[in-house]
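Asker: coords below, sequence missing:
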């Protein structure tokens, strides 16, 4: 484990990033999004945009925080450290599988 990872694992600033990501993921669940929808969302809500902006801001804060404390880290290194935790959140808050919209009009049985 790299020194910045040890430090970050015990800091509260990482928690803000993870909490915001979880809130965004829960909102996407509420909207009924699938993983495929994330590539090209069918709709954008104000809350979704605010959470995405907040996540990006907090992620950049983590990088600045580490650099202010003398760690020479890149955005990619920090992302590599955080990604497994984001994947775990994805597992705990799954989105619907694929496009489950009904494609027929339902009148074949009549």
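Answerer: Ah, there it is. Computed from a prediction, not measured in an experiment: that's the story for all the values here.
Asker: which residues of this structure fall in helices?
Answerer: Taking DSSP state H, the helices of the chain run over residues 3-9, 13-30, 46-68, 75-92.
Asker: Can you tell me how far the residue nearest to the spatial centre of the chain is from residue 3?
Answerer: Nearest to the centroid of the C-alpha atoms of the chain, with distances taken as CA atoms, centre = their mean, sits residue 21, at 4.0 Å. Noted for residue 21: a distance of 24 Å to residue 3, by CB to CB, to the nearest Å. Quick note: C-beta positions are derived from backbone N, CA and C, even for glycine.
Asker: would you list the helices of the chain in CSV and tack on distance to residue 37 and mean pLDDT?
Answerer: As requested, the helices of the chain are arranged in CSV below (distance: least, CB to CB, whole Å; pLDDT from 0 to 100):
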stretch, distance to residue 37, mean pLDDT
helix 3-9, 31, 93
helix 13-30, 8, 96
helix 46-68, 11, 97
helix 75-92, 14, 97
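Asker: Out of those helices, flag the one nearest residue 39.
Answerer: Using CB to CB as the criterion, the shortest distance between residue 39 and the helices of the chain is 12.7 Å, found for helix 13-30.
Asker: now the closest residue to residue 69 other than its chain neighbours: how far from residue 29?
Answerer: When the adjacent residues along the chain are set aside, residue 69 lies closest to residue 7, with 7.1 Å between them (CB to CB, 6 or more residues apart in numbering). Note on residue 7: its distance to residue 29, by CB to CB, is 32 Å.
Asker: More neighbours: which of those two?
Answerer: residue 7 (16 against 13; other CB atoms under 10 Å).
Asker: contacting residues around that one?
Answerer: Neighbour list for residue 7: 66, 69, 71 [criterion: CB atoms under 8 Å, 6 or more residues apart in numbering].
Asker: any idea how far residue 14 is from it?
Answerer: From residue 7 across to residue 14, the span is 10 Å (CB to CB).
Asker: In terms of pLDDT, where does residue 104 sit?
Answerer: pLDDT recorded at residue 104 is 43.
Asker: Number the chain from 507, please
Answerer: All set: I'll call the first residue 507, so the last point we hit is now residue 610.
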